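>>> quick one: sequence and predicted model below, then my questions.
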Amino acid sequence: MNELAIAGLMIFLTFLFIIFGIHIGVSLLAFSLLGLILTTGDLGVTASLLGTGPFYVLFEYELVVIPLFILMGDFVIMAGASQDLYQAFHVWLRKVRGGLAIATVLANAVFAAVTGVSIASAAVFSKIALPQMMKHGYQAKFTLGTVAGSSVLGMLIPPSVLFIIYGIFSEESIGKLFMAGVVPGLILTAIYSLGIKLMIYKRPQLAGDIPKEAIARWDWLKALRDTWGIVALILLVLGGMYGGVLTPTEAGAVGAIGSCLLAVVKGRFKFTSMGRALHETGLVTASFFLLFIGAQLFSRMLATTGFVRVLTDTLVGLSAPPIVLILLMILVWLILGCLIDSMSIMILTLPIMLPVVKALHYDLIWFGVVATITIEMGLLTPPFGMVVFVMKSTIGEGVTVEEIFRGTLPFLLMMAACLALIVAFPVLSTWLPSHMLK
């Protein structure tokens, strides 16, 4: 069997095992090692690589930022900032028809700036927004779609775990990638808000009646007062990175400490909650590191077989316009999004796709935003949309997975519109990073 056939077989077997439920990190490790053994014919070389590879993979300083930002998000949840955010937007948009749905989108957008994980947003707002919207007469399917759709902002608006993964694989600045997600994130927030207004205009029964009770001036001021902490935290973390004062790793550390202090100031700090936050952070980080080790060894196996080089030369040599290749990559991500989670998709595909994108001389910052939006769409697509199943698990009885999937369809179309804008106008994602001071 020649080397290219070995690479193709290993890719096929890896996807097959993942589809049948084998952990993706285990699948990547197993078939990267098997591929190296078949290619080199030397068990000793492969064993040596297995011994040294994980050490050098995890020696990357940039990886520290992952547990720091995850911990910051957990501390913010402990501080009750997500509840305060939603309540504030609820008060401010109380007299707007569909205001609760828009409040959910806006609160998710702000919460995204301190969490970086979409499934966390889905779990939190399923508990906070869903009961309120249902209580005020919103249609169930529309309510479920609003919560699910707006939760994907968690991976687009910085900090974002997907941008960190992309930055490590592409060797692009993680700080610049974070800033690249700001404008597209705001655009998607605006599209969602306008889309909600349009849906309610065409079908008023989607939203409940506008509350008749007047809003006291004190309610407005209290809502503003309750959000000071999370606003200050966002300005500190993102402002520090944009101004060149903090590196992403330093910003993660400052954010984790700041969010912990916020919980203390608000009187919501508990040692049991802190223990749970540290435990959850450890679990997510360990799972990611296993994925990352497997992905790096898999990349080395593909490089050893010459698969990546041949694929790059073949695609670059095609007569088709370069943008067609980008659209094909988007199609591949959309298909994979129906089968596996977003982090796994990025880890699996970037070693193959990035060399092609570099050879085509596309901006890698722009491509990172395109990748993130496309892969995030997979969180809402059947049969394995991760956000949908997280919501089902959080809500429990009274709602079906099929209902949630049907509710997310308009939001998927709105995400596609946002993606089309970013593809057509790359400056939307590259303008802000180009003005960073560092």
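Good, I have the coordinates.
>>> C-alpha only now, for contacts and for neighbours.
OK.
>>> next, count neighbours for the closest residue to Phe163 other than its chain neighbours.
Excluding the flanking residues, the one nearest Phe163 by CA to CA, 6 or more residues apart in numbering is Leu177, at 6.1 Å. If you count neighbours by other CA atoms under 10 Å, Leu177 ends up with 28.
>>> quick one: secondary structure of Leu177?
Following DSSP: H, G, I helix; E, B strand; the rest coil, Leu177 is assigned to helix.
>>> can you pull up the most central residue in this protein?
Met155 (2.5 Å; CA atoms, centre = their mean).
>>> show the contacting residues for it.
Ala112, Gly116, Val117, Ser118, Val161, Leu162, Phe163, Thr372, Glu376 (CA atoms under 8 Å, 6 or more residues apart in numbering).
>>> got TSV for these, with neighbour count too?
Formatted as TSV, the contacts of Met155 follow (neighbours: other CA atoms under 10 Å):
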residue	neighbour count
Ala112	29
Gly116	28
Val117	25
Ser118	25
Val161	25
Leu162	28
Phe163	30
Thr372	23
Glu376	31
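>>> who are the packing partners of the helix or strand harbouring Ile293?
Counting by DSSP states H and E, the element that carries Ile293 is helix 271-305. Where contact means 3 or more CA pairs under 8 Å, 6 or more residues apart in numbering; DSSP states H and E, helix 271-305 is packed against helix 3-19, helix 24-40, helix 43-58, helix 65-78, helix 342-359.
>>> any idea which of those helices is most buried?
helix 65-78 (a mean of 25; mean count of other CA atoms under 10 Å).
>>> hmm, back to that, between the helix holding Ile293 and helix 65-78, how many degrees?
Helix 271-305 runs at 150 degrees relative to helix 65-78, counting by axes from the mean of the first three to the mean of the last three CA atoms, to 10 degrees.
>>> and the angle from helix 271-305 to helix 3-19?
Relative orientation of helix 271-305 versus helix 3-19 (the same axes, to 10 degrees): 160 degrees.
>>> mind checking how far stretch 430-437 is from the chain centre?
21 Å (CA atoms, centre = their mean, to the nearest Å).
>>> quick check: mean pLDDT across that stretch?
Mean pLDDT, stretch 430-437: 84.
>>> now swap in stretch 373-386 and tell me
When pLDDT is averaged along stretch 373-386, the result is 83.
>>> any idea how far that stretch is from the chain center?
Per CA atoms, centre = their mean, the centroid offset for stretch 373-386 relative to its chain is 11 Å.
>>> end to end on it, go ahead and measure it.
15 Å (CA to CA, to the nearest Å).
>>> related to what we said a few turns ago, so which of the helices and strands packed on helix 271-305 is nearest Leu235?
The closest of the helices and strands packed on helix 271-305 to Leu235 is helix 65-78. By CA to CA, the value is 14.2 Å.
>>> report the angle between the helix or strand that that closest one is followed by and helix 65-78.
Per DSSP H and E, helix 65-78 leads on to helix 81-92 as the next helix or strand towards the C-terminus. Helix 81-92 and helix 65-78 are oriented at 60 degrees to each other (the same axes, to 10 degrees).
>>> follow-up on the earlier one: in TSV: the helices and strands packed on helix 271-305, plus mean pLDDT.
Formatted as TSV, those follow (pLDDT from 0 to 100):
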stretch	mean pLDDT
helix 3-19	83
helix 24-40	84
helix 43-58	70
helix 65-78	84
helix 342-359	85
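>>> got TSV for those helices, with distance to Ile422 too?
Shown next, in TSV, are the helices and strands packed on helix 271-305 (distance: least, CA to CA, whole Å):
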stretch	distance to Ile422
helix 3-19	29
helix 24-40	30
helix 43-58	32
helix 65-78	26
helix 342-359	16
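>>> any idea how many residues pack against Val369?
29.
>>> identify the residues contacting the residue lying closest to it once chain neighbours are set aside.
Closest residue to Val369 apart from its sequence neighbours, by CA to CA, 6+ apart: Gly181 at 6.4 Å. Contacts for Gly181 (CA under 8 Å, 6+ apart) come out as Leu156, Ile157, Pro158, Val369, Ser429.
>>> which of these tops the neighbour count?
Highest count within the contacts of Gly181 by other CA under 10 Å belongs to Leu156, 32 neighbours.
>>> what residues does that residue make contact with?
Leu156 neighbours (CA under 8 Å, 6+ apart): Ala112, Gly116, Gly181, Val182, Pro184, Gly185, Val369, Thr372, Ile373.
>>> coming back round to it: closest one to Leu412 among the helices and strands packed on helix 271-305?
Here helix 342-359 is closest among the helices and strands packed on helix 271-305 (CA to CA), at 15.1 Å.
>>> hmm, who's touching the helix or strand following the closest one?
Next helix or strand after helix 342-359 toward the C-terminus (DSSP H and E): helix 364-377. With CA under 8 Å, 6+ apart as the test, helix 364-377 has contacts from 152, 155-156, 162-163, 166, 170, 172, 176-177, 180-181, 330, 333-334, 337, 342, 345-346, 357-358, 412, 415, 419, 422-423, 426, 429-430.
>>> stretch 315-334 too?
So stretch 315-334 is contacted by Ile345, Met353, Val356, Val357, Ala359, Leu360, Ala371, Thr374, Ile375, Met377, Gly378 (CA under 8 Å, 6+ apart).
>>> doesn't Asp341 make contact with the last one?
Just to be clear, that refers to Gly378. Yes - using CA atoms under 8 Å, Gly378 is in contact with Asp341, at 7.3 Å.
>>> ok, the two, which is more surrounded?
Gly378 (27 against 19).
>>> any idea how far Ala107 is from the more buried one?
Applying CA to CA to Gly378 and Ala107 gives a distance of 22 Å.
>>> and if you look at Val265?
From Val265 to Ala107 the distance is 21 Å (CA to CA).
>>> what is the end-to-end distance of stretch 151-160?
13 Å.
>>> revised request: answer the last question for stretch 360-368.
So stretch 360-368: terminal residues 15 Å apart, CA to CA.
>>> which one of the contacts of stretch 315-334 is nearest to Gly195?
Met377 (16.7 Å).
>>> and the closest one, how many residues sit next to it?
Quick note: Met377 (other CA under 10 Å) scores 23 neighbours.
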